[in-house]
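Chemist: Sequence first, predicted coordinates after that:
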Amino acid sequence: MTIVNYDPRLVKSKNPYPKGPNDWKRFFSFNTDAKVIGIQYIVTALFFLLIGGLLAMLIRGELITPPSDLFDPTVYNGLYTMHGTIMLFLFLFPILSGLTNLLVPPMIGAPDMAFPKLNALAFWLVPVFSIILLLSFFVPGGPASSGWWSYPPISIQNPLGKMINGEMLWIIAISLSGISSIIGAVNFVTTIIRMRAPGMGFFKMPIFIWTVLAAQLLQLLGLPALTGGAIMLFFDLTFGTSFFRIEGGGDPVLFQHFFWFYSHPAVYVMVLPVFGIFSELFPVYSRKPLFGYKFVAVASFGITILSLVVWVHHMFYTGTPMWMRNLFMFTTMLIAVPTGVKVFAWIATLWGGNIRLTTPMLFCLGGLFNFIFGGITGVMLATVPVDIHVGNTYFVVAHFHYIIFNTIAFGIFAAIYHWFPKFTGKMFYEGLGKVHFALTFIGATLNWLPLHWAGLLGMPRRVASYDPEFAIWNVLASIGAFILGVASIPFILNMVSSWVRGKSAPPNPWKAIGLEWLLPSPPPHENFEEDIPTVLNEPYCYGLDKPFVEDEQFYIEKSLKKH
Amino acid sequence: MLTENQNPSLNHKPGHIKHDGHNMTGFIIFLCSESIIFFAFFVGYSVLKISAPVWYPEGINGIDLKMPLINTVILVSSSFVIYFAEKYLHKKNLWGFRIIWFITMLMGSYFVYGQYVEWSELSFSLQSGAFGGMFYLLTGFHGLHVITGILLMGLMLLRSFLPDNYKGGEMGVESVSLFWHFVDVIWILLFGLIYLWQ
């Protein structure tokens, strides 16, 4: 076997590469290392999860009683608008960019992203637009209050007549977020297309890479439409144009088309990487190959293509012609096919597997359970008559929270726990992780399950006061929301404490197959440097006699020696 | 950096990935995405125009074609001119490249001037209904791209005077040239949409 000589000074200093893990200052600098940027993204996003969650608890505090007693209804409008915007643009998109930054280069055997400087620029735009968005709390008239979708004519009213208002800052922040996402998408797509390890053909890529590619292509195709709509909205609001003003010959529904042409696929931009995370984690924790690898991989692109032609299902009740409703009902239901392929593949992977209920696996199973539930209500909502009946009620709110929190955020937590040892070099505390899971699952279910009933009974969304008949569902939901708030405590405790003083992690604590697990924990600056492995098979051959890379033992020994 | 044994085992052949050469891929992906923004504006224009009972503001029946037509001819032919500039660069004829490249810049600048003259002669403004907004939005957004293109060309021209600059670094010139073709194609579509479809 090969003997590798190491520079003894590097091993002794516990700092195996320049600007190594001991140098905390690099997390506060314009660093171009994808692994640093990934952690910057994730920590920033988790901070905004706390702020968005605080707003959510204020909302649930208001809704625990039928009258609007905690806030003025206009303040309440600002609260839910900012809650939605912060959660989507300041939490979910950045945290997924962070995970993608951490995982893509090691998983494909690349030393870094294709454009490291652009990568850093994309990250540093996040604090810029976050500050702009948060500043809108302090301008006269308060923050944007027209909901996260910002429909005209409400969004272009500007009652105070001030040039700088909450809505304007909202549009600027969203556009900057769009620029950041486009830069990121160009980077991810180029990296995945051009920088894969030798032998890693498309059908040997990990599913996570497939889903990231599918999701980032959607960003590239969809996001400019929203940016176009946002520019026109900005002009209407600030320069008095009439793109969306009926009195000037414009069309407010046109904005809805622009908005949903992107913002529906945006859901898939977020959920596809989570599908990837599920597909990565289920084989690891059930010790079985991923069922139907090729179908799961191709289904991601099925979702990408279909998701570009479903956006009108958000507009069934805004004067859409009947033929359009039927067409988009059909395409929306069609999405259940590739999604169903994935769900059945995951269940078949779990079936008869040697399941290990670690924290990441629990989050995955919880996420899958919730996703099936949210998917079923999604098919219900795709049906035109049902949608017209429950449109703009709490049923819709409950449905999309089941997807966006109970599935996507669960998947994100699973990924954070699963790859935490790899990128910090420390093991987290399993017990605290399980407490976090239990609180999150109970809180999330209690929060959003009852709201389905409130919605079916007709409780409209975006109201600060409601009929007392809905009180019981709202009390349950509020208790759930506060439990979710409490759930953040064991999580933060676990992350901070185990990063600071946790047990050192071995290179492959979960006995997983994958290029990233052939690296030391944490991986060196340029991952495999000059020794990039040649990939032989897809990374799911658990229990099969198929080697993953050429000369695997060499890499395993190399990763162990670094400790 | 690890210092590795100079004589790795015979069965182990480390792979290698090129670190550079992705700029063009990235730039093409970016342009595809950029074209969607124009596509969104074009669709917006068409939808508003088809659904509007009265499209042009009061007192206007259409737009004069003369100035934009000259502009179109200039911009489209500049796309051929820039192609020859690139050819000269490939043949290592640096002065030929600089001169033809500069001519392209002049043609682009004339286009911007022509756009300015056209704007200043129009009797409607940004606030004149959906048409006014759309007209200025589309031509203005395209104009911004033309100006960006000219500035990028200027940058490349300056770079060509720096010592040792073009040692295999033709990527910038190729990207700018691609961008210029992109701006040109967008203009042809825009011209058809706003000026020919009246």
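Modeler: Now that the structure is in, tell me what you want to look at. Treat the numbers as computed from the prediction; the structure is a model and nothing was measured.
Chemist: Under the pLDDT cut-off, which ranges of the chain? List them.
Modeler: With no chain named, the answer covers chain A. In the predicted model of chain A, residues A:1-22, A:562-563 satisfy pLDDT under 70.
Chemist: should've been chain B
Modeler: Low-confidence segments of chain B, defined by pLDDT under 70, are located at B:1-20, B:165-169.
Chemist: Count residues in the vicinity of residue B:61, would you?
Modeler: A total of 6 residues lie near residue B:61 under the criterion other CB atoms under 10 Å in any protein chain shown. C-betas here are computed from N, CA, C, even on glycine.
Chemist: before we move on, what SS does it have?
Modeler: With DSSP: H, G, I helix; E, B strand; the rest coil as the basis, residue B:61 sits in coil.
Chemist: Now the phi/psi pair for it, please.
Modeler: Dihedral angles of residue B:61 (phi, psi; degrees, to the nearest 10) stand at phi -100, psi -20.
Chemist: Spell out which residues sit in contact with it, please.
Modeler: Contacts were defined as CB atoms under 8 Å, 6 or more residues apart in numbering or on different chains; by that measure residue B:61 touches no other residue.
Chemist: does any bit of the longest helix seen in chain A sit next to chain B?
Modeler: Longest helix of chain A, by residue count under DSSP state H: helix A:252-286. Yes: applying CB under 8 Å from any CB of the partner chain, one finds helix A:252-286 touching chain B at A:254, A:257, A:258, A:261.
Chemist: Okay, helices next: where are they in chain B?
Modeler: Under the criterion DSSP H, chain B contains helices at B:23-51, B:66-90, B:94-121, B:129-161, B:171-190.
Chemist: Can you tell me which of those is nearest to residue A:247?
Modeler: In this view, the helices of chain B are compared for proximity to residue A:247 by CB to CB, and helix B:129-161 is the closest at 9.4 Å.
Chemist: Spell out whether that closest one and chain A are in contact.
Modeler: Yes: where contact is defined by CB under 8 Å from any CB, part of helix B:129-161 touches chain A, namely B:129, B:130, B:131, B:132, B:133, B:134, B:137, B:141.
Chemist: Tell me the most packed of those residues, by neighbour count.
Modeler: Counting by other CB under 10 Å, top hit in those: residue B:133 with 30 neighbours.
Chemist: Leaving out the residues flanking it, which one is nearest to that one?
Modeler: residue A:241 (3.5 Å; CB to CB, 6 or more residues apart in numbering or on different chains).
Chemist: So what does that neighbour look like in phi/psi?
Modeler: Main-chain dihedrals, residue A:241, degrees, to the nearest 10: phi -80, psi 180.
Chemist: isn't it right up against residue B:128?
Modeler: No: taking CB atoms under 8 Å as the contact criterion, residue A:241 and residue B:128 are not neighbours in contact, 9.1 Å apart.
Chemist: Looking at those two, which one has more neighbours?
Modeler: Set residue A:241 next to residue B:128 and count neighbours by other CB under 10 Å: residue A:241 wins out with 27 against 22.
Chemist: show me what contacts that one?
Modeler: Contacts here follow CB under 8 Å, 6+ apart; on that basis residue A:241 touches A:232, A:235, A:248, A:250, B:126, B:127, B:132, B:133, B:137.
Chemist: Just put the helices of chain B in JSON lines and tack on distance to residue A:171.
Modeler: Output for the helices of chain B, formatted as JSON lines (distance: least, CB to CB, whole Å):
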{"stretch": "helix B:23-51", "distance to residue A:171": "15"}
{"stretch": "helix B:66-90", "distance to residue A:171": "31"}
{"stretch": "helix B:94-121", "distance to residue A:171": "25"}
{"stretch": "helix B:129-161", "distance to residue A:171": "15"}
{"stretch": "helix B:171-190", "distance to residue A:171": "24"}
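Chemist: and residue B:57, which of these is closest to it?
Modeler: Shortest separation from residue B:57 across those is recorded for helix B:129-161, at 5.2 Å, computed as CB to CB.
Chemist: If you count neighbours, what's buried in that closest one?
Modeler: By neighbour count, and taking 16 or more other CB atoms under 10 Å in any protein chain shown as the criterion, the buried residues in helix B:129-161 are B:129-139, B:141-143, B:145-147, B:149-150, B:152-153, B:156-157, B:160.
Chemist: same thing with stretch A:500-509?
Modeler: Using 16+ other CB under 10 Å as the test for burial, stretch A:500-509 gives A:502, A:505, A:506, A:507, A:508, A:509.
Chemist: shouldn't residue B:180 be in contact with residue B:78?
Modeler: Yes: under the contact definition of CB under 8 Å, residue B:180 touches residue B:78, with a separation of 7.2 Å.
Chemist: Mutual contacts of these two, please.
Modeler: Shared contacts of residue B:180 and residue B:78 (CB under 8 Å, 6+ apart): B:104, B:108.
Chemist: Tell me, how many residues neighbour the residue of the stretch 301-450 of chain A found nearest chain B?
Modeler: Of the residues in the stretch 301-450 of chain A, the one nearest chain B is residue A:308, at a distance of 10.8 Å by CB to the nearest CB. Look at residue A:308: counted by other CB under 10 Å, it has 18 neighbours.
Chemist: Make sure it is actually in contact with residue A:220.
Modeler: No: in this structure, residue A:308 sits apart from residue A:220 without contact. The criterion is CB under 8 Å, and the distance is 11.4 Å.
Chemist: I'd like the distance between residue A:60 and residue A:85.
Modeler: Here the distance between residue A:60 and residue A:85 works out to 18 Å (CB to CB, to the nearest Å).
Chemist: Excluding chain neighbours, what is closest to residue A:183?
Modeler: residue A:122 (4.1 Å).
Chemist: Phi and psi next, for residue A:549.
Modeler: Residue A:549 has phi and psi values of phi -130, psi 160 when expressed as degrees, to the nearest 10.
Chemist: Now residue A:317. Its backbone dihedrals?
Modeler: On the backbone of residue A:317 - angles per degrees, to the nearest 10 - the values are phi -100, psi 20.
Chemist: Distance check, residue A:471 against residue A:420.
Modeler: Taken as CB to CB, the spacing of residue A:471 relative to residue A:420 amounts to 41 Å.
Chemist: if you count what's nearby, which of those two comes out ahead?
Modeler: When residue A:471 is set against residue A:420 and neighbours are counted by other CB under 10 Å, the residue ahead is residue A:420, at 24 against 15.
Chemist: burial measure for the closest residue to that one other than its chain neighbours, as a count.
Modeler: By the measure of CB to CB, 6+ apart, the closest residue to residue A:420 outside its immediate chain neighbours is residue A:428, 5.3 Å from it. Burial measure for residue A:428: 24 neighbouring residues, criterion other CB under 10 Å.
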